[in-house]
Structures are given as C-alpha cells and as structure tokens.
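Trainee: The amino acid sequence is not available; the structure is as follows:
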C-alpha cells in the first residue's frame, strides 16, 4: 500500500476535547478497515511536517462525517494546523517507551527514577492513553 492509500481529507470537528487530541473516522472508512483501527485506538496522523498521536472515536451512524474524511478535535487540529484541503496520513504509532515500564509495575516490579522519568516523558508527549495513565 502507498501513503495515499492511508490518507484522508482532514476536517475540523469543532469539538473541544480539552487537551486530548481526538480523531473521528467513519466505521466504513478504508483506513479503519485496512489498518484494523478500532474505537479508542491510538492513531498517528502526519500532515506535512507535523504529526500528532490521537485517540480514535469511530462514527457508526449519521451522515455528518463522509467515509473519505477524518474529523479532528480542536486540540488535534491545532497540533497539525492543516490548510484547506489538507490530507492526513494515518498509521499505528510506535509503542511508547513507557509501555513496558507500566506493564512491569502492573506485575509488581519496583520502579526506579529512570522508569518514572520514562513514564513522565511519554505522558507529557501525550503518547500514553487514558488507560495507560490510570
């Protein structure tokens, strides 16, 4: 598949998600289907020289979002600053470095300062999901 196969028109959703970047895609979107994206997945969106990792909300009903477009929350829109007619390229983000540290803590390991620093870096860079942060 080419980059164009993983791209969609970007539209502003006009939804304030506070400081959480969120992307909305139709469940019948070719990118959702080809990449296996599901609700609440973390999705990397590249637009020009900017990128953001956003949480996915899947639109299952209604005609407000075309199948060939993705709508961005106010926070995601501000991060990417796409121009009119811009397209975003969608992919799975690299797992955050803190993923293995969080998993170790869940299984009872004691964490040191370096591991806490890793978690903080990923949290500040918005690379962790709400579930990871909990």
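Mentor: Nice, thanks for sending it over. Not measured: the values here are computed from a predicted model. Numbers count the residues shown, from 1 in each chain.

Trainee: Provide the secondary structure category for the closest residue to residue 53 other than its chain neighbours.
Mentor: The spatial neighbour of residue 53 that comes closest, neighbours along the chain excluded (CB to CB, 6 or more residues apart in numbering), is residue 93 at 4.9 Å. Heads up, the C-betas are built off the backbone N, CA and C, glycines and all. With DSSP: H, G, I helix; E, B strand; the rest coil as the basis, residue 93 sits in coil.

Trainee: Renumber starting at 18 from here on
Mentor: Got it, first residue is 18 now, which makes that one residue 110.

Trainee: Tell me the helices and strands packed up against the lengthiest strand in the chain.
Mentor: Counting residues, the longest strand found in the chain (DSSP state E) is strand 67-76. Packing partners of strand 67-76 (3 or more CB pairs under 8 Å, 6 or more residues apart in numbering; DSSP states H and E): strand 39-43, strand 59-64, helix 91-97.

Trainee: quick one: the shortest one to strand 59-64, angle?
Mentor: In this structure, strand 39-43 runs at an angle of 90 degrees to strand 59-64, with axes from the mean of the first three to the mean of the last three CA atoms, to 10 degrees as the basis.
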